[in-house]
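Q: predicted model and sequence follow; I will ask about them next.
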Amino acid sequence: MPVRNAEIAEIFEKLADLLAIKGENQFRIRAYRNAARTISGLQSGVRELVERGEELSDYQGIGKAIAEKIVEIVETGTLSQLEELTKELPEGLLDLLRIPELGPRRVKELYEELEITNIDALASALEDGRVRELEGFGEKLEQSLLSQVKAMRDREEEHRLLLPAAEEVAEEMVAYLKKHGDVKRIAVAGSYRRRKQTVGDLDILVVAGEGSAGGGGAAAGGIMDVFTGHEDVRRVSMKGETRSSVVLRSGVQIDLRVLEAESYGSALQYFTGSKEHNIAVRRVAQEQGLKVSEYGIFRGDEQVAGAEEEEMYTTLGLAWVPPELREDRGEVEAARAGALPELVTVEDIRGDLHSHTNASDGSFTLEEMAEAAQARGYEYLAVSDHSKSLTVARGLDEDRLARQIDDIAELNESFDGFRLLRSIEVDILDDGRLDLSDEILARLDLVICSIHSGLNKTEEKQTERIIRAMDNPHCSIIGHPTGRLLGSRDAYPVNMQRLLEAAAERGVSFEINAQPERLDLRDEDAHAARELGIRISIATDAHAPANLAFMRYGVDQARRGWLRTADVLNTRPWSELGPLLKRG
Ligand code: DGT
Ligand code: CA
Ligand code: CA
Ligand code: ZN
């Protein structure tokens, strides 16, 4: 039964996509997409809210009709409207929509004219030259679609989870094991604990009580039976005394290891990884005549550490390394020299520097977004709607932006200890100019410059284009700098080192966009930026109040990039931040 937030959100996304292919009312489609966004950003489980009888339409972005649909999904596991639609339209059409150059209109055409209902059918129609014959397609699009189909197939081989989905599964399983098993200690290790942008599988570690398997008692089963007996388990790939592995119905794989208490710390260290980090740690141990394994640190046969993770490092003369840094990028040397960075935390964040309202493609008013930011204890929120050339998002022209500036000024009068910042996410045009006049940009507190079109340029051209944008003295921050969408779109090619050097020269900052499918800048680029003294904005790009909660994923990513509090723009009070955003 689909009851997790991510699954409910997916149903609304599907509904919106299918209705778009049918060519239905834009307004309703947008409402479903907004509902999906709101639901995936909620901290609490929608299932629990429904079961407690809470009024869902109290949540912003969820109207009465949508609330009823949510209840239906929670109660029946499905949505009858979607079932009806999938009888009319094959679900494979949704995969076609994931190809960047195929929107609902083109998918409809492919379906109606060539009966193409999935990626495989598209691939063979492309190869036979049938697609180019369609009106509005042509040979150029054919070639580009061919390469996008290939890229998509390559990506599908790697079936990795975004962090919110991984979190939902991990938290639920940990709670379940604690409730039904005799659990003394438990942790989720692996890439999940390192807060990597995507997670391949979950690695759960447990110390079980007496009487459970692995807990010293002889009773077969115990915690392992509880684990493999979870209602979501589709397949048990392996089941043993100390290790089991299952695949859930959602396709997620989970490994469970049951440990002796004296090896909990060493196993946590070992299975947190990364493998490369572990190898670097082992090398340090070897220099000292010690042996490190998942069971502990040994001098000959004597175990000298292992129960706690921290002693796995201190025994070797290393400082404990935060999991986000464990990628063998110099952290072991830094741990030895006492030079690990003091990483930024979510508590350091004083505001959000990228958000959208219903003036462009967000779904909430200035007031509603401001209220949500204040509720999070923020001192400021930048209102950065899209600019005019992004017509699909109803981007603002100079006049509409001028009116928004006035509205913000008026609202700011009414706040105490909080302000909305006047901003824009201005499109970088094809030639690197910005989409709005310098006169209006000069009136803003900060200007985020982003690329939303012309993604298929050569590395050279794309790099030049962005540098040209940074030449404009009003450009404060480059938004989602690589354009990647995890699991669906690769980064456009750029020479990142050149971009960073150009930014450092001009005093331009870069964004870590905290949307879980973006996390852009990438961690290694954030590290390179820091080395050049570039300041980073960690920003959620919120389109709804609930999205402000994405901040912590951005902070995770920043920590993976070694960023300290001072490297991050929005850890500063407004009095210090304001001057840093204005270059002119
Ligand atoms: P993932 O699941 O692909 O997102 O990435 P991880 O890092 O969670 O990798 P996974 O699940 O294969 O293994 C968990 C950790 O176990 C890994 O980060 C380090 C450790 N590990 C696994 N295999 C090896 C190995 O062959 N050598 C060493 N030193 N460590 C290993
Ligand atoms: Ca893993
Ligand atoms: Ca694993
Ligand atoms: Zn954007």
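A: Structure received. Numbering: from 1, shown residues only. Ligands and ions are numbered 1, 2, ... in the order given.

Q: domains for this structure, by residue range?
A: Domain assignment for the chain, taken from automatic domain parsing, gives 5-155, 161-259, 263-337, 346-581.

Q: where exactly do the strands run in the stretch 51-200 of the chain?
A: Secondary structure of the stretch 51-200 of the chain (DSSP state E, counting those that start in this stretch): strands located at 161-162, 183-188, 198-199.

Q: so which of the ones you listed comes closest to ligand 2?
A: Closest approach to ligand 2 among the strands of the stretch 51-200 of the chain (Cβ to the ion): strand 198-199, 6.3 Å. From N, CA and C alone the C-beta is placed, and that goes for glycine too.

Q: could you give the mean pLDDT of that closest one?
A: The pLDDT scores in strand 198-199 average 96.

Q: state the distance from whatever residue of the stretch 51-200 of the chain ends up closest to ligand 3 to R329.
A: Nearest residue of the stretch 51-200 of the chain to ligand 3 (Cβ to the ion) works out as G190 at 5.7 Å. As judged by Cβ to Cβ, to the nearest Å, G190 and R329 stand 18 Å apart.

Q: looking at those two, which one has more neighbours?
A: Remark: of G190 and R329, G190 carries more neighbours, 23 against 19, as counted by other Cβ atoms under 10 Å.

Q: correct me if wrong: that one contacts T198.
A: No - contact criterion Cβ atoms under 8 Å: G190 and T198 do not qualify, at 11.8 Å.

Q: correct me, but Q515 touches F550?
A: Yes - if you go by Cβ under 8 Å, Q515 and F550 touch, sitting 5.9 Å apart.

Q: give me the contact list for stretch 107-126.
A: Stretch 107-126 is contacted by residues 21-23, 89-90, 92-93, 95-97, 99, 102, 130-131, 134-136, 142, 145-146, 149, 152-153 when judged by Cβ atoms under 8 Å, 6 or more residues apart in numbering.

Q: got a quick ChimeraX command for the buried subset of those?
A: Buried subset of the contacts of stretch 107-126, written as a ChimeraX selection, criterion 16 or more other Cβ atoms under 10 Å:
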select :21,89,90,93,95,96,97,99,102,130,131,134,142,145,149,152
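
Q: among the contacts of stretch 107-126, which are in reach of ligand 3?
A: Filtering the contacts of stretch 107-126 for neighbours of ligand 3 using Cβ under 5 Å from the ion leaves an empty set.

Q: the contacts of stretch 107-126 in helices, which ones?
A: Under the assignment DSSP state H, the contacts of stretch 107-126 contribute 21-22, 92-93, 95-97, 142, 145-146, 149, 152-153 to helices.

Q: which residues of the stretch 151-300 of the chain lie near ligand 3?
A: So the stretch 151-300 of the chain meets ligand 3 at 201, 203, 255 (Cβ under 5 Å from the ion).

Q: which one (most neighbours) among those residues?
A: D203 (26 neighbours).

Q: from ligand 1, how far out is that one?
A: To ligand 1, D203 is 5 Å away according to Cβ to the nearest ligand atom, to the nearest Å.

Q: and A36, by the same measure?
A: As judged by Cβ to the nearest ligand atom, A36 and ligand 1 stand 25 Å apart.

Q: next one: phi and psi at that residue?
A: A36 adopts backbone torsions of phi -60, psi -40, taken as degrees, to the nearest 10.

Q: just checking, it touches F12?
A: Yes - judged on Cβ under 8 Å, A36 makes contact with F12 at a distance of 4.0 Å.

Q: name the spans of the protein whose pLDDT lies under the cut-off.
A: Of all residues in the chain, those with pLDDT under 70 make up the ranges 1-2, 155-158, 211-221, 584.

Q: spatially nearest residue to the residue nearest to the spatial centre of it (excluding sequence neighbours)?
A: Geometric centre of the chain, nearest residue: P516, 1.1 Å, by Cα atoms, centre = their mean. Leaving aside its chain neighbours, P516 sits nearest to L162 (4.7 Å; criterion: Cβ to Cβ, 6 or more residues apart in numbering).

Q: before we move on, what about T86?
A: The spatially closest residue to T86, leaving aside those adjacent along the chain, is L18, at 7.2 Å (Cβ to Cβ, 6+ apart).

Q: before we move on, what about L89?
A: Spatial nearest neighbour of L89, chain neighbours left out: L18 (5.5 Å); criterion: Cβ to Cβ, 6+ apart.

Q: before we move on, what about A285?
A: Leaving aside its sequence neighbours, A285 sits nearest to V292 (Cβ to Cβ, 6+ apart; 4.4 Å).

Q: so which elements touch the helix or strand containing the one you found?
A: Using DSSP states H and E, V292 sits within strand 291-293. Judged by 3 or more Cβ pairs under 8 Å, 6 or more residues apart in numbering; DSSP states H and E, strand 291-293 is in contact with helix 264-272, helix 275-287, strand 296-299.

Q: following the shortest one, which helix or strand comes up?
A: Reading on from strand 296-299 to the C-terminus, the next helix or strand found by DSSP H and E is strand 302-305.

Q: so after that next one, what's the next helix or strand?
A: That would be, after strand 302-305 and using DSSP H and E, helix 309-314.

Q: can I get that following helix in PDB, CA atoms only?
A: The C-alpha trace of helix 309-314 is given here as PDB (Å, rounded to 0.1, in the frame of the first residue of the first chain):
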ATOM      1  CA  GLU A 309      33.600   4.700  16.900                       C
ATOM      2  CA  GLU A 310      35.600   7.600  18.300                       C
ATOM      3  CA  GLU A 311      38.300   5.300  19.700                       C
ATOM      4  CA  MET A 312      38.800   3.900  16.300                       C
ATOM      5  CA  TYR A 313      40.300   7.200  15.400                       C
ATOM      6  CA  THR A 314      41.800   8.400  18.600                       C
END
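
Q: so for that helix, what gets flagged as buried?
A: Of the residues in helix 309-314, 309, 311-313 count as buried by neighbour count, 16+ other Cβ under 10 Å.

Q: cool, stretch 355-370 as well?
A: 355-364, 366, 368-370.

Q: put the alpha carbons of that stretch into CSV.
A: Output of stretch 355-370 as CSV, limited to C-alpha atoms (Å, rounded to 0.1, in the frame of the first residue of the first chain):
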residue,chain,number,x,y,z
SER,A,355,12.5,31.3,-3.0
HIS,A,356,9.6,31.7,-5.4
THR,A,357,6.1,33.0,-4.9
ASN,A,358,2.9,32.8,-7.0
ALA,A,359,4.1,35.8,-8.9
SER,A,360,6.1,33.2,-11.0
ASP,A,361,5.9,29.4,-10.6
GLY,A,362,5.6,29.2,-6.8
SER,A,363,2.2,28.7,-5.3
PHE,A,364,2.1,31.0,-2.3
THR,A,365,2.0,34.7,-1.6
LEU,A,366,4.8,36.9,-0.3
GLU,A,367,3.0,37.0,3.0
GLU,A,368,2.7,33.2,3.2
MET,A,369,6.4,32.6,2.3
ALA,A,370,7.5,35.3,4.8
